[in-house]
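A.B. asks: Next come a sequence and a model predicted from it.
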Amino acid sequence: MFFLFDKLPLLRSENGEEQRNVNLSANKSSKLGVSYEGNNWQLSVYHLYYSRYHDSIIFDPNRELLNPDAEGFDWINIKATRKYGIGQGQQTVGISFELKNLLDEQVYLLNDTPVFYPINTLPARQSRGVYVTASLSF
């Protein structure tokens, strides 16, 4: 059975003085994925997209430009899961393998703690990675 899922939020922020984009979030983001599920297995591919983030200069005009800007990024993941029945009941053990950040994007997000770290951005997500997960359902 195939599944298609998506999320397409649009964010606008404004303070009481009609200054726009006063938060440190991207205005646009999306999640689009497709998944196929068999009897005891599932394979999913999904793409996360975030547009360019706003500059933190409105919070800290004196910050150092130490790291790259908080650009938008694309995040592509693949996840495969296999379930095994155990015992006589409804118990299952699931093993998942997930490949994250297939494009190996370098992600920097805006620094929201300028008091402690007076710099423009901080590294925010890991580079390409492989994750293994085990789960027990009962």
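C.D. replies: Arrived safely.

A.B. asks: center of this protein - which residue?
C.D. replies: Geometric centre of the chain, nearest residue: Leu48, 6.2 Å, by CA atoms, centre = their mean.

A.B. asks: confidence score at that one?
C.D. replies: Predicted confidence (pLDDT) for Leu48: 92.

A.B. asks: Could you pull out the buried residues of the host helix or strand of it?
C.D. replies: Leu48 is located in strand 41-50, with elements delineated by DSSP states H and E. Within strand 41-50, the residues that count as buried by 16 or more other CB atoms under 10 Å are Gln42, Ser44, Val45, Tyr46, His47, Leu48, Tyr49, Tyr50. For the C-beta atoms, the positions are set from N, CA and C on the backbone; glycine is no exception.

A.B. asks: could you dump the residues you listed to JSON lines with distance to Asn67?
C.D. replies: Listed next are the buried residues of strand 41-50 as JSON lines, based on distance: CB to CB, whole Å:
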{"residue": "Gln42", "distance to Asn67": "37"}
{"residue": "Ser44", "distance to Asn67": "32"}
{"residue": "Val45", "distance to Asn67": "30"}
{"residue": "Tyr46", "distance to Asn67": "27"}
{"residue": "His47", "distance to Asn67": "25"}
{"residue": "Leu48", "distance to Asn67": "21"}
{"residue": "Tyr49", "distance to Asn67": "21"}
{"residue": "Tyr50", "distance to Asn67": "17"}
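
A.B. asks: Return the member of the residues you listed nearest to Gln88.
C.D. replies: Set against Gln88, the nearest of the buried residues of strand 41-50 by CB to CB is Gln42 (24.0 Å).

A.B. asks: Which residue comes closest to the closest one once chain neighbours are left out?
C.D. replies: In this structure, Gln42 finds its nearest non-sequential neighbour in Thr81, 4.6 Å apart by CB to CB, 6 or more residues apart in numbering.

A.B. asks: chain center to whichever strand or helix holds that neighbour, what's the gap?
C.D. replies: Thr81 is part of strand 73-85 when elements are defined by DSSP H and E. Between the centre of strand 73-85 and the centre of its host chain there is 14 Å, according to CA atoms, centre = their mean, to the nearest Å.
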